[in-house]
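1. Below are the sequence and a predicted model for it; my questions follow.
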Amino acid sequence: MDTRRLTPSQILELVPQQRPFRFVDEIFEVDENRIMGRYTFRHDENFYPGHFPGNPVTPGVILIESMGQVGVVSLGIYLLALDFSPDEVKKYTTVFTDAEVEFAKAVMPGTTVIIRGEKVFWRRMKLRAKVEMLLEDGTLVARGTLAGMGVKL
């Protein structure tokens, strides 16, 4: 068994974002090419009172952040751990370099989304991935290409 392969729970432990800015609850599938996770947008998220009063909608930038935390940050952690020990992986963080996303549906408070990421390329700690966000019934919320790179802390 390759001991460098992280489990989904180990990946989550290494994701640098924490509540209230962590938008991934669970990683339930991961390998060298793809990842799947989920997040439930709780009714008490701190952005809903202002976006929009009386009619809360999850901001698009938060949807992109959630897609990035699964499809770039978490997948990047997994890929980095194939070459480095978990202690060495902890010395890196991922920064976004670009995102091109199209939205198909609004996400309301209480909604659970599934995020699927597929590696386009990974080299020199740079990751580009196609990422989709879906409702639990498979309805498309958003899709696009996101990229980031690992930087040493």
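-> Looks like it arrived, so ask away. Numbers count the residues shown, from 1 in each chain.

2. Quick check: buried residues in the lengthiest helix in the chain?
-> When the chain is parsed with DSSP state H, its longest helix is helix 60-68. For helix 60-68, a neighbour-count test (16 or more other Cβ atoms under 10 Å) marks Ile62, Leu63, Ile64, Glu65, Ser66, Met67, Gly68 as buried. C-betas here are computed from N, CA, C, even on glycine.

3. now it: mean pLDDT?
-> For helix 60-68, the mean per-residue pLDDT is 98.

4. and the next element down the chain from that helix?
-> For helix 60-68, the succeeding helix or strand toward the C-terminus, using DSSP states H and E, is helix 75-81.

5. How far off centre is that next one?
-> Offset of helix 75-81 from its chain centre (Cα atoms, centre = their mean, to the nearest Å): 12 Å.

6. Pull out the buried positions in the following helix or strand past that helix.
-> Moving toward the C-terminus from helix 75-81, the next helix or strand (DSSP H and E) is helix 86-89. Across helix 86-89, burial judged by 16+ other Cβ under 10 Å covers Val89.

7. Pull helix 86-89 out as CSV, backbone CA atoms only.
-> C-alpha atoms of helix 86-89 as CSV (Å, rounded to 0.1, in the frame of the first residue of the first chain):
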residue,chain,number,x,y,z
PRO,A,86,2.1,14.9,5.2
ASP,A,87,4.4,17.0,7.4
GLU,A,88,5.9,18.5,4.3
VAL,A,89,2.5,19.1,2.8
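
8. number of nearby residues for Arg38?
-> 17 (other Cβ atoms under 10 Å).

9. Mind listing residues that contact the helix or strand containing it?
-> Secondary structure assigned from DSSP H and E places Arg38 in strand 34-40. Under the contact criterion Cβ atoms under 8 Å, 6 or more residues apart in numbering, strand 34-40 has outside partners 23-30, 66, 70-71, 74-75, 78, 110-119.
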